[in-house]
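In: My questions concern the predicted model and sequence given below.
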Amino acid sequence: MKKIKYLILSGFAALALASCNDLTLPPKGIVDGSAMFGNEAGVQTYLAGIYMYLPIEDFNYNTTDGYYIPLSSYGNGGSWNTWQSPKWYLSNVTGEAVGWQTDMSAGKGFGYWPYNKIRDINTMIQSLPDYKANYKEETYNSLLGEAHFLRAFYYFGMAKRYGGVPIIAAVQDPTAPADSLKVYRNTEYDTYMFIHDDLQFAMSNMSATSDAGRANKYVAAALMSRAMLYAASIAKYGSYTTSSPEAAAQKGYVGIPADKATYFFTEAYNACAFFDGSKYTLVGENAADKQQNYVDLFLTKNDEDIFIKQYSTTAQRNLELFHSYDSESSPLPDFAAGIGGSQWYPSLEAVEWFQKLPIENADGTPRRFDSRADLLQGLEPRLLANVYFSGMTLRGKTFDIRRGLYKTFTGTQADAQFGATNAPINSTANRLITSSQYATIPAGWGVTGNIIGAHGTWSTWKAENNPMTGLFPRKYIDYHKTVSQAAIEQSAQPWKVFRFAEIMLNRAEAAYELGKKQEAYDLIARIRKRAGATIWTPGTGVSKYTVNGQTVDGDLQFIRDERARELLFENHRWWDLRRWRVADKIFNLYKPTGLMPYLVTGENKYIFIREYNVNNNTYTFPVQYYYEPIPGGEINKNNNLIQNPIY
């Protein structure tokens, strides 16, 4: 293999977004290899560009274009306005939320194939030993371990999409015969074992501490727990190795043998146990105000953070190291400034993962409320920290969300038929809704003002600022900002890539799958206590359903559901539903609903009606979406790559 003596650095290799404190380092041009790998500062600069491209589904990630990489000619990103991303958020295709541009085509992927960055990492792994004498042993080992962690991160970004991919563990010689560079795919099992071995090396060699935004051995352990849990689930609940006659399945490129499930669950469990005795903890288990504790958890750096992605609004503007989460998650002009406005909205289904809302009486009639805010009494603090309901406040203003008016409502919740216009109770003589955000109530309704209030839902769904479900997201919203500060490209709260609550959830799931049920129950109990949730009494043992011949009982399902509650809007659920192989069952003509407040003018009372979200979309998950297609352009360049089943 030829030694690479000189490296041409792009502007990204000089950025220290994730691995340095200085976010605006200038480009270094052409640099001798010893300057890069012969000292820690050079390695730190080299790694900056690799951190920049890590496959992290953050504030700027969307289902159509993928990872936003500023100033990039790299295949996925850099070409769209980041403030539009919430319209295509991953949460919008998982039942968690609704965005007005999103559909299930997210399952097709966007052609993620980061072998250019893997080559950069292999270059470091290959070159660093030449300069070992320049380092203290612990520093050298930690840097080499960091490179292995980064390589595993990139490979996991591909493995969870495609299954088995070509494993390239050394720098390829570009002058070698072309056919020797056309690498075959490795099996999905071998790909996960490669990820495992890289992470095991990282855990054994990296330091225990690091600067914020840079990895250490616990970050490697966190990725190990996530990746191995994914592999274990595929082995237990996938069926590609036995049911598909297609070549990719028969060769093991998709599917992991079922007899490997216990091994991978054990490795996931052990990676979680690696945290025993560490500084990382569940923050605020005994907090007096559990709702505020949970809100602040996502706006502060704390001992639950294992790995975060950092941003800046003060770095030079063309680096675009910011995001627009605050401005694009809350409505203009009362809660945000600039252009656009809110673009994505929690579903009622996601809200009721936490608890069934008390909006219906025992006889099926809608419960009456003097004020919309009265609904909030008794709701789980964690739910209220995740979702803004009508009557809650932000930046000195109160959310005033209404779908419309009823003159009378004498029937049951079912009579509203999810908001159908042809339902008798929804006749235009009895129900008033609008297609205009600012339409006022006409004469004859007994009240005045806007039909939908200041922040309500109107019928023309394809418009920003329109809460299509009657709800707004709260998690990650920085309430410290003024309205003028909550503008596009002015947000910099970090994205929590790994936090300790996920480790506890990973451990609980792996423990249950390994028969350590009481340990799983205890972990879930701690998470629910911190959330202010009701006490869970496990032990039902009742079968819920089977997948690939494997039983999922009520207790395991509750553990899975706790992931949905605790990790809401954190871009885990898409991958969880895929690895459990239940997405095609859940999303079969699925139509999300919203919580629509109405004023009944004849009673001067509020009711809440369960209605379909106003875009009225349905979602169906085709089974081929359990794997994304290998990018066609890569197959055209390498005819040894076999496409995934059904594609």
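Out: Right, received. Where do you want to start?
In: where are the low-confidence patches of the protein?
Out: 1-31, 69-81, 316-320 (pLDDT under 70).
In: how does it look with 80?
Out: 1-32, 68-83, 241-242, 315-320, 340, 540-541 (pLDDT under 80).
In: Give the residue farthest from the middle of it.
Out: Distance to the chain centre peaks in the chain at G444, reaching 47.1 Å (criterion: Cα atoms, centre = their mean).
In: so E138 sits right up against M206, yeah?
Out: No. Checked against Cβ atoms under 8 Å, the pair E138 and M206 is beyond contact range at 9.8 Å. Any C-beta I mention is one placed from the backbone N, CA and C, and that applies to glycine too.
In: Between these two, which is the more surrounded one?
Out: Taking other Cβ atoms under 10 Å, E138 and M206 do not tie; M206 has more neighbours (26 against 11).
In: circling back to that earlier point, how far away is the residue farthest from the centre of the chain from I433?
Out: G444 sits at a distance of 16 Å from I433 (criterion: Cβ to Cβ, to the nearest Å).
In: With V183 instead?
Out: 58 Å.
In: More neighbours: which of the two?
Out: I433 (22 against 15).
In: who touches that one in this structure?
Out: Applying Cβ atoms under 8 Å, 6 or more residues apart in numbering, we find I433 in contact with R403, G404, I451, I452, W458, S459.
In: make it 7 Å
Out: R403, G404, S459 (Cβ atoms under 7 Å, 6 or more residues apart in numbering).
In: Next step: these restricted to strands.
Out: Applying DSSP state E to those, the entries found in strands are G404.
In: Quick one: which of the contacts of I433 is the most crowded by neighbours?
Out: R403 (30 neighbours).
In: And the helices in the stretch 301-450 of the chain?
Out: For the stretch 301-450 of the chain, the helices defined by DSSP state H, counting those that start in this stretch cover 325-329, 348-354, 381-386.
In: Select, out of the ones you listed, the one closest to K279.
Out: K279 lies closest, by Cβ to Cβ, to one member of the helices of the stretch 301-450 of the chain: helix 381-386, at 23.5 Å.
In: returning to what we had before: with distance to A287 added, can I get the contacts of I433 in TSV?
Out: TSV is the format used below for these (distance: Cβ to Cβ, whole Å):
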residue	distance to A287
R403	35
G404	39
S459	42
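In: from the contacts of I433, which is closest to G341?
Out: S459 (17.2 Å).
In: The closest one and Q437 touch, don't they?
Out: No. Counting by Cβ atoms under 7 Å, S459 stays clear of Q437, with 10.6 Å between them.
In: got the buried residues for stretch 99-114?
Out: Residues 99-104, 106-107, 109-114 are the ones in stretch 99-114 that count as buried (16 or more other Cβ atoms under 10 Å).
In: What of stretch 391-405?
Out: For stretch 391-405, the neighbour count (16+ other Cβ under 10 Å) marks G391, M392, L394, R395, T398, F399, D400, I401, R402, R403, G404, L405 as buried.
In: go on, stretch 428-441?
Out: Buried-residue list, stretch 428-441, by 16+ other Cβ under 10 Å: N430, R431, L432, I433, T434, Q437, I441.
In: list the contacts for the last one?
Out: Shown here is I441, whose contacts under the criterion Cβ under 7 Å, 6+ apart are L405, V447, T448, G449, I451.
In: By neighbour count, which of these wins?
Out: Each of the contacts of I441 was scored for neighbours by other Cβ under 10 Å, and I451 scores highest at 23 neighbours.
In: in terms of contact, does it touch T434 like I think?
Out: Yes. If you go by Cβ under 7 Å, I451 and T434 touch, sitting 4.5 Å apart.
In: what sits in contact with each of those two?
Out: Joint contacts of I451 and T434 (Cβ under 7 Å, 6+ apart) are G404.
In: farthest-separated two in the buried residues of stretch 391-405?
Out: Every pair of these checked by Cβ to Cβ; the farthest is R395 and L405, at 27.5 Å.
In: Name the nearest residue to the residue nearest the centre of the chain, sequence neighbours excluded.
Out: Centroid check for the chain by Cα atoms, centre = their mean gives N571 as the closest residue, at 1.0 Å. Once flanking residues are discounted, N571 sits nearest to E57: 4.0 Å by Cβ to Cβ, 6 or more residues apart in numbering.
In: burial measure for the one you found, as a count.
Out: Neighbourhood size, E57 [other Cβ under 10 Å]: 21.
In: now it: how far from A212?
Out: From E57 to A212 the distance is 19 Å (Cβ to Cβ).
In: What ranges does the stretch 201-350 of the chain have for its strands?
Out: Taking DSSP state E, counting those that start in this stretch as the criterion, the stretch 201-350 of the chain carries its strands at 305-309, 344-346.
In: mind putting these in CSV, distance to L357 included?
Out: Below are the strands of the stretch 201-350 of the chain laid out as CSV (distance: least, Cβ to Cβ, whole Å):
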stretch, distance to L357
strand 305-309, 32
strand 344-346, 12
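In: Including mean neighbour count and distance to Y625, could those go into a markdown table?
Out: Listed next are the strands of the stretch 201-350 of the chain as a markdown table, based on neighbours: other Cβ atoms under 10 Å; distance: least, Cβ to Cβ, whole Å:
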| stretch | mean neighbour count | distance to Y625 |
| --- | --- | --- |
| strand 305-309 | 22 | 26 |
| strand 344-346 | 28 | 21 |
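In: In this model E570 seems to touch the residue nearest to N571, though I could be wrong.
Out: No. In this structure, E57 is not within contact of E570 by Cβ under 7 Å, at 8.7 Å.
In: Contact partners for H455?
Out: Residues near H455 by Cβ under 7 Å, 6+ apart: P331, F399, D400, I401, P467.
In: What about the first one, how many residues nearby?
Out: A count of nearby residues for P331, using other Cβ under 10 Å, gives 24.
In: Could you tell me whether S85 really is in a helix?
Out: Yes. Counting by DSSP: H, G, I helix; E, B strand; the rest coil, S85 falls inside a helix.
In: ends of stretch 471-478, how far apart?
Out: 17 Å (Cα to Cα, to the nearest Å).
In: List the contacts of that stretch.
Out: Stretch 471-478 is contacted from outside by 97, 298-299, 325-326, 329-330, 342, 344-346, 351, 385-389, 394, 399, 491, 493, 568-569, 594-595, using Cβ under 7 Å, 6+ apart.
In: filter those to the buried ones?
Out: Among these, those buried by neighbour count (16+ other Cβ under 10 Å) are 97, 298, 325-326, 329-330, 342, 344-346, 351, 385-389, 394, 399, 491, 493, 568-569, 594-595.
In: Show me what counts as buried in the longest helix seen in the chain.
Out: Selection of the longest helix in the chain by residue count, based on DSSP state H, yields helix 137-162. The neighbour-count criterion (16+ other Cβ under 10 Å) identifies 140-162 as the buried residues of helix 137-162.
In: just stretch 621-641 next, same as before
Out: Of all the residues in stretch 621-641, those buried under the rule 16+ other Cβ under 10 Å are F621, Y625, Y626, Y627, E628, P629, I630, P631, N638, L641.
In: for those residues, which one is nearest E502?
Out: Set against E502, the nearest of the buried residues of stretch 621-641 by Cβ to Cβ is Y626 (22.1 Å).
In: State the helix or strand in which the closest residue to that closest one other than its chain neighbours lies.
Out: Once flanking residues are discounted, Y626 sits nearest to R578: 5.6 Å by Cβ to Cβ, 6+ apart. Using DSSP states H and E, R578 sits in helix 573-579.
In: what's the closest of the contacts of I433 to R507?
Out: R403 (42.2 Å).
In: Grab the nearest non-local neighbour of the closest one.
Out: Nearest residue to R403, sequence neighbours excluded (Cβ to Cβ, 6+ apart): M596, at 3.7 Å.
In: can you count the residues close to the one you found?
Out: Applying other Cβ under 10 Å, we find 30 residues neighbouring M596.
In: thinking it is in contact with Y606, fair?
Out: No. Using Cβ under 7 Å, M596 makes no contact with Y606, being 10.7 Å away.
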